[in-house]
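In: please work out how this folds:
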Amino acid sequence: MTPQSSSRVDLTPEPGTITIFSDIWCSFAHIAIHRLHQTRERLGLTGRVQFDHRAFPLELLNDAPSPRPGTDSEVGRMAAQEPAAGWQLWQAKDWLYPSTTLPALEAIQAAKEQGFTASEQLDLALRRAFWAESRCISNRKVILDAAASTGVVDVSALAAALDDGRARRALSEQAAIAATDQVNCSPHLFLPDGTDHPNPGIEVSWAGGYGIGWPVVASDDPTVFEDLLKRAAA
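Out: Numbering: from 1, shown residues only. Have a look, this model is predicted:
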């Protein structure tokens with residue numbers, strides 16, 4: 001889907017925050033967010049930099065669910081770039097492959113009521129559930145189990161938020177922004193200094209069409225995340 005121009009929204013976060021537009025289906029986001037967490041911890045910035053996750057729902061932007069052949073083709077290639085993020089080819093029954101990530105993306109927004117830490121950890125748990133554990137993140141129980149696994153999310157409060165849909169408007173508003181030319185891809189990071197960084201550190205193209213061919217990585221520099229986190233903390 002080609003992004004459409006519209007009234008621009010200020011996406012510059014407060015100091016100490018990195019805003020991240022992404023989808024769970026996106027392998028590049030899986031790598032970037034793993035590296036953000038690992039680098040933040042290594043630099044001792046866990047208490048100084050927080051991640052504001054926002055939705056880049058590929059199924060709405062493309063008017064179709066993400067095709068499984070596409071994500072399957074990414075596992076072998078992108079897992080080699082960052083094995084520690086957690087990967088495996090889909091191991092569950094075929095009918096358990098998630099047809100949507102919208103419930104999971106909504107849950108991440110709902111968890112912000114409990115603070116950015118809860119939202120960050122739920123986001124990380126859901127990415128691991130999909131990419132490393134072959135779990136159907138469309139399913140409510142899987143989402144709540146992922147929340148419980150974090151040890152920081154109040155699962156009952158999250159379930160109540162999902163029941164009344166209080167985060168659905170935020171998800172819709174973020175999807176509308178994602179459809180504009182302000183957000184280029186998943187992941188796209190926005191820093192307090194006014195800069196933005198689509199798919200930081202990785203230059204990639206495709207050999208063949210998505211779901212038919214495979215990603216070709218021209219370059220990959222994980223060290224860029226040190227600079228991004230230090231600038232966010234400044």
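In: which residues touch Tyr97?
Out: 68, 90, 136 (C-beta atoms under 8 Å, 6 or more residues apart in numbering). Any C-beta I mention is one placed from the backbone N, CA and C, and that applies to glycine too.
In: what's in contact with the host helix or strand of Leu189?
Out: For Leu189, the host element (DSSP states H and E) is strand 188-190. With contact meaning C-beta under 8 Å, 6+ apart, strand 188-190 is reached by 11-13, 18-22, 32, 56, 196-200, 228.
In: sorry, back to before: pull out the buried members of the contacts of Tyr97.
Out: Among those, the ones that count as buried by 16 or more other C-beta atoms under 10 Å are 90, 136.
In: and the contacts of Tyr97 as TSV, adding pLDDT?
Out: Converted to TSV, these look like this (pLDDT from 0 to 100):
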residue	pLDDT
Arg68	90
Trp90	96
Cys136	98
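In: closest to Asp52 out of the contacts of Tyr97?
Out: Cys136 (26.5 Å; C-beta to C-beta).
In: in helices, which of the contacts of Tyr97 fall?
Out: Using DSSP state H, Arg68 are the members of these that sit in helices.
In: show me which of the contacts of Tyr97 is closest to Ala84.
Out: Minimum distance to Ala84 across the contacts of Tyr97 is 19.9 Å, recorded for Trp90 (C-beta to C-beta).
In: in this protein, which spans are helices?
Out: Secondary structure of the chain (DSSP H): helices at 27-42, 58-61, 68-79, 102-110, 116-131, 140-150, 155-164, 168-178, 224-233.
In: could you export these as JSON lines, including distance to Tyr210?
Out: As requested, those are exported to JSON lines (distance: least, C-beta to C-beta, whole Å):
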{"stretch": "helix 27-42", "distance to Tyr210": "12"}
{"stretch": "helix 58-61", "distance to Tyr210": "11"}
{"stretch": "helix 68-79", "distance to Tyr210": "5"}
{"stretch": "helix 102-110", "distance to Tyr210": "20"}
{"stretch": "helix 116-131", "distance to Tyr210": "17"}
{"stretch": "helix 140-150", "distance to Tyr210": "25"}
{"stretch": "helix 155-164", "distance to Tyr210": "31"}
{"stretch": "helix 168-178", "distance to Tyr210": "18"}
{"stretch": "helix 224-233", "distance to Tyr210": "25"}
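In: and these: which comes nearest Ile212?
Out: helix 68-79 (7.1 Å).
In: buried residues, the closest one. List them.
Out: 70-71, 73-75, 78-79.
In: what does that helix rub up against?
Out: 25, 27-28, 30-31, 85, 87-90, 97, 131, 210-217.
In: mind redoing it with 10 Å?
Out: With contact meaning C-beta atoms under 10 Å, 6 or more residues apart in numbering, helix 68-79 is reached by 25-28, 30-31, 58, 67, 85-90, 94, 97-99, 130-132, 202, 204, 206-217, 220.
In: quick one: which of the helices of the chain is nearest Gln50?
Out: Ranking these by proximity to Gln50 (C-beta to C-beta) places helix 116-131 first, at 4.1 Å.
In: tilt between that closest one and helix 140-150?
Out: Between helix 116-131 and helix 140-150, the angle comes out at 120 degrees (axes from the mean of the first three to the mean of the last three C-alpha atoms, to 10 degrees).
In: packing partners for helix 116-131?
Out: strand 17-22, helix 27-42, strand 50-55, helix 68-79, helix 102-110, helix 140-150, helix 155-164 (3 or more C-beta pairs under 10 Å, 6 or more residues apart in numbering; DSSP states H and E).
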